[in-house]
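Visitor: Give me a model of this one.
(chains A and B)
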Amino acid sequence: MIDPPNSDHELTLPDGSTRLVPAGTLPRDVVASIGAGLLRAAIAVEVDGQVQDLITPLRRGGTFRVLTEKDPKALDVLRHSAAHLLATAVRRLRPRAKIGFGPAIDEGFYYDFEVEEPFTPDDLAQFEAEMRKAAQEKFPFVRAEVNRAQAEKLFVDDPLKLERLAELGDDEVISVYTDGPFVDLCRGPHVPDTSRIKHFKLMHTASAYWRGDEHRQQLQRIYGTAWFSTAELDAYLHRLEEAKRRDHRTLGKELDLYSVDQRVGAGLILWHPRGAVIRNEIETFERDLILRHGYELVYTPHVMSERLFEISGHLENFRESMFGAMEVEGAAYRPKPMNCPGHICIYQAHQRSYRDLPIRYAEFGTVYRYERSGVLHGMLRVRGFTQDDAHVFCTPEQVDVEVGRLLDLVDEMLRVFGYPYTVELSTRPANAMGSPEVWAAAERALARVLAQRAQAYDIDAGGGAFYGPKLDFKLIDAIGRKWQGPTVQLDFNLPERFGLEYIGADNAPHRPVMLHRVLVGSMERFVGGLIEHYAGAFPLWLAPEQLRVIPITDELREPAASIAARAKAGGLRMSLDDRAQTLNYRIAEAERLKTPYMAIIGKREAVAGTVALREHRLGREQKPQVIPVDELIDRLTREVQTRALPGTLAGAGQRDAAD
RNA sequence: GCUGACGUAGCUCAACUGGCAGAGCACCUGAUUUGUAAUCAGGCGGUUGCGAGUUCGAUUCUCGCCGUCAGCUCCA
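Guide: The predicted structure is shown next:
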């Protein structure tokens, strides 16, 4: 609540007590009146849900809460101040550097500078040392509110700041913050002084467009991270290491899953046999799943006449990201960027009755999109990929049921891979087509279905596509990162453009609703994500090689070969390693490939009809498990059939840290 | 696409300011017959991403192209 100027503000403290303070009181004074210890610990305060620092005069009343280091919201304040500290250091060492923006971001902060020469890693080390010095100097962050003329004078040498200043409305408070030698046009909030910024590190430098506009100049951006404790900083750096260790590009090479080849072209994936096994298992699993869920499989061509994409509108909206046209007998053809037009044509191959609906067409459809060279990234961002695409054509009345079925399908699918997920409902954007009534009805339908199954969700207001609202599923991987997952989109546009119809019970034509949906999205991106999710140690059903049979000596080749043959007959993917190498060497190699199981055959096992089983996931400290061959095959076969996740096996030990 | 860095054997990486391109692993051959994460020896392997230029001489310097990486921008 914004109180009239000059009146008193009523503050409600967390314990329910209230205080009346004059407008313009500094939060610092309020906090001090609560306790001196609290003032020492205070980073900032939250008033009526707004974070502000201790030296910004109170302009409103409401709930009043002191933020200490324990509060996640204080972290943003720290990081924003760290950005100022960075600018302080840079300005000391590079007085001519012009300053841009320096906000807090997810795991740290950055500051943009306009300089003649790009920064080098050496520069970064110097800046960081200078930051530590400035932190020790314990400069207080001092806030001042100035008028426009004063501000223009302060930033006369900083054109980027002047540009920002010019955008501020006349009714807005212009505040500047000073820490020691550095002054910045800034809304705040900030920590009390620079000595609060202790646990930080400059990460890397990169360039960024001013205001994020690729037509404006590029600035030099320095990224850093800052935390309230060494432990948190170390944990963050450790998370980065962990992410690097799981990088699908490195593991993809080490595990021989895929490659790209300059001669083939950037962003085009070559699936090696071991990677193809994973993809094929996923496709087979999903194919069975969707057939059970009432889908029909279709196939459509990879190259289609450009006229089709004129009808669909893709050409007009996405020409820049489509592969170029090729001319065939005077007509232009293009690699398809989407599968929908093909599925629509199949729908339109017959006249449809309401009795036929819903119709659900599914295809593992390979599409090609021109992505700018700078955005390509391993398997995650490519120019050719296979979508597990499907389109549901239904009556408006069937939308609820169909969306419900999709939620079931998504849940069944994601559980198998061990991904928790969140759901986001994206609603009508400004440039939406179709009537607001239809949109509202569709959004209500989506929300209703989510509510029916008590599925929690966030709303991304205005985040829908112009042609319809959508549900986005975000996967959470093994180290807590979010990935784009399944999407379900309602489409009011394509049925209109293509003139889709069905004959209703009233014997009149009606327009069906179209649902687009993908589960994994793209096989390339999904498998890339799985590599990182599992850190290359796939669950048995996906493992390229499930079992490696290793006889200890040459004399045991025969019994080992017969065990291998039995495993193969049992449907397991296995190999026999009877090379004249030491046992240790062969185990090391199988471990390097993260082979889930090794069956080692010595004299004792050959005589007893057993194997000494070694499990990759148990790591270095493990005792071989001596079990009968039948049991081995039963156990592994069952593990494959149940698609057991690593760590969910009966009697499974802790996963090895060196996984 | 833009900015910066980079591209050397299948992989990971060396080679001071321009002066005969090297190592480990992998691979091949031979020896070793191994009890749970790399046995020993020998050998093969390169138009230094591609193409121009400067130079007596280019992995090294310059330009163009291709690709990779970190960001930015973009992602139906």
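
Visitor: Quick check: residues of the stretch 451-600 of chain A near RNA strand B?
Guide: Taking Cβ under 7 Å from any atom of the strand as the measure of proximity, the stretch 451-600 of chain A contacts RNA strand B at A:465, A:489, A:552-555, A:580-585, A:587-589, A:591-592, A:598, A:600. Where you see a C-beta, it was placed from the backbone N, CA and C, and this is true even at glycine.

Visitor: Can you say which of those are buried?
Guide: Among these, those classed as buried by neighbour count (16 or more other Cβ atoms under 10 Å) are A:465, A:489, A:552, A:587, A:591, A:598, A:600.

Visitor: For the second one, which three-state class applies?
Guide: Looking back up the chat, that one is residue A:489. Under DSSP: H, G, I helix; E, B strand; the rest coil, the three-state class of residue A:489 is strand.

Visitor: any idea how far residue A:450 is from the nearest residue to it once chain neighbours are set aside?
Guide: Residue nearest to residue A:489 in three dimensions, not counting chain neighbours: residue A:470, with 4.1 Å by Cβ to Cβ, 6 or more residues apart in numbering. Separation of residue A:470 from residue A:450 (Cβ to Cβ, to the nearest Å): 12 Å.

Visitor: who has more neighbours, the two?
Guide: Neighbour count, other Cβ atoms under 10 Å: between residue A:470 and residue A:450, residue A:470 has more, with 23 against 18.

Visitor: Now residue A:364: phi and psi?
Guide: When read as degrees, to the nearest 10, the backbone of residue A:364 gives phi -80, psi 90.

Visitor: hang on, the earlier thing: which ones among the buried ones among the residues of the stretch 451-600 of chain A next to RNA strand B lie within helices?
Guide: Taking DSSP state H as the definition of helices, these contribute A:587, A:591.

Visitor: ok, which pair from the buried ones among the residues of the stretch 451-600 of chain A next to RNA strand B is furthest apart?
Guide: The largest separation in those, counting by Cβ to Cβ, is between A:465 and A:552 at 60.9 Å.

Visitor: Using the three-state scheme, assign the closest residue to residue A:456 other than its chain neighbours.
Guide: Nearest residue to residue A:456, sequence neighbours excluded (Cβ to Cβ, 6+ apart): residue A:423, at 7.1 Å. Classification of residue A:423 by three-state DSSP places it in strand.

Visitor: Next: residue A:361.
Guide: Three-state call for residue A:361 (three-state DSSP): strand.

Visitor: again with the one 5 residues further on
Guide: Of the three states, residue A:366 takes strand according to three-state DSSP.

Visitor: residues contacting it?
Guide: Neighbouring residues of residue A:366 by Cβ atoms under 8 Å, 6 or more residues apart in numbering: A:302, A:384-387.

Visitor: just residue A:417 next, same as before
Guide: By Cβ under 8 Å, 6+ apart, the contact set of residue A:417 is A:530, A:533, A:645.

Visitor: How about the residue most central in space within chain A, nearest residue that isn't a chain neighbour?
Guide: The centroid of chain A falls nearest to residue A:483 when counting by Cα atoms, centre = their mean (3.1 Å). What sits nearest to residue A:483 in space, not counting adjacent residues and going by Cβ to Cβ, 6+ apart, is residue A:475, at 4.3 Å.

Visitor: ok, so what distance separates that neighbour from residue A:380?
Guide: To residue A:380, residue A:475 is 13 Å away according to Cβ to Cβ.

Visitor: Now do the shared contacts for the two.
Guide: Taking Cβ under 8 Å, 6+ apart as the criterion, residue A:475 and residue A:380 both touch residue A:529.

Visitor: Isn't the residue nearest to residue A:483 up against residue A:421?
Guide: Yes - if you go by Cβ atoms under 8 Å, residue A:475 and residue A:421 touch, sitting 5.2 Å apart.

Visitor: Spell out which residues are contacts of both of the two.
Guide: If you check residue A:475 and residue A:421 against Cβ under 8 Å, 6+ apart, the residues they both contact are A:414, A:485.

Visitor: could you point out which element follows the host helix or strand of residue A:334?
Guide: Assigned by DSSP states H and E, residue A:334 falls within strand A:331-335. For strand A:331-335, the succeeding helix or strand toward the C-terminus, using DSSP H and E, is helix A:340-347.

Visitor: outside of that following helix, which residues touch it?
Guide: A:298, A:300-301, A:304, A:308-309, A:311-312, A:314, A:336, A:359, A:361, A:363, A:365, A:389, A:391, A:393, A:491, A:494, A:498, A:500, A:514, A:516.

Visitor: Mark which of those residues are part of helices, please.
Guide: Short answer: these in helices (DSSP H) are A:308-309, A:311-312, A:314, A:494, A:498.

Visitor: quick check, nearest of the residues you listed to residue A:159?
Guide: Residue A:159 lies nearest to residue A:314 out of the ones in helices among the contacts of helix A:340-347, by Cβ to Cβ, at 41.3 Å.

Visitor: how much space between residue A:235 and residue A:107?
Guide: For residue A:235, the distance to residue A:107 - Cβ to Cβ - is 11 Å.

Visitor: How about residue A:10?
Guide: Distance, residue A:10 to residue A:107, by Cβ to Cβ: 37 Å.

Visitor: Same question for residue A:438.
Guide: To residue A:107, residue A:438 is 41 Å away according to Cβ to Cβ.

Visitor: who in the stretch 251-400 of chain A is up against RNA strand B?
Guide: Counting by Cβ under 7 Å from any atom of the strand, the stretch 251-400 of chain A comes close to RNA strand B at A:253, A:260, A:262, A:265-267, A:314, A:317-318, A:321-322, A:337-338, A:369, A:371-378, A:381.

Visitor: Drop anything exposed from these.
Guide: Listed as buried from these are A:260, A:267, A:314, A:322, A:337-338, A:369, A:371, A:378, A:381; burial here means 16+ other Cβ under 10 Å.

Visitor: okay, those in JSON lines with pLDDT next?
Guide: Output for these, formatted as JSON lines (pLDDT from 0 to 100):
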{"residue": "A:260", "pLDDT": "92"}
{"residue": "A:267", "pLDDT": "94"}
{"residue": "A:314", "pLDDT": "88"}
{"residue": "A:322", "pLDDT": "93"}
{"residue": "A:337", "pLDDT": "95"}
{"residue": "A:338", "pLDDT": "94"}
{"residue": "A:369", "pLDDT": "94"}
{"residue": "A:371", "pLDDT": "93"}
{"residue": "A:378", "pLDDT": "94"}
{"residue": "A:381", "pLDDT": "95"}
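
Visitor: which one of those is nearest residue A:23?
Guide: Set against residue A:23, the nearest of these by Cβ to Cβ is residue A:381 (51.9 Å).

Visitor: if we can go back for a sec, next one: the strand holding residue A:334 to chain centre, how far?
Guide: With Cα atoms, centre = their mean, to the nearest Å as the basis, strand A:331-335 stands 34 Å off its chain's centre.

Visitor: Equivalent analysis for stretch A:515-529, please.
Guide: Its chain's average C-alpha position is 13 Å from that of stretch A:515-529, according to Cα atoms, centre = their mean.

Visitor: So which bits of the stretch 1-150 of chain A are right by RNA strand B?
Guide: Contacts of the stretch 1-150 of chain A with RNA strand B, taken as Cβ under 7 Å from any atom of the strand, map to residue A:118.

Visitor: The residue nearest to residue A:489 contacts residue A:491, doesn't it?
Guide: No - counting by Cβ under 8 Å, residue A:470 does not reach residue A:491; the two are 9.3 Å apart.

Visitor: returning to that earlier point: could you identify the least confident member of the buried ones among the residues of the stretch 451-600 of chain A next to RNA strand B?
Guide: When these are sorted by pLDDT, the bottom entry is residue A:465 at 82.

Visitor: Bridged to the residue nearest to it when sequence neighbours are not counted, which residues?
Guide: Among residues not flanking residue A:465 along the chain, residue A:489 sits closest, at 6.2 Å (Cβ to Cβ, 6+ apart). Beta-bridge partners for residue A:489, by DSSP bridges, are residue A:470, residue A:516.
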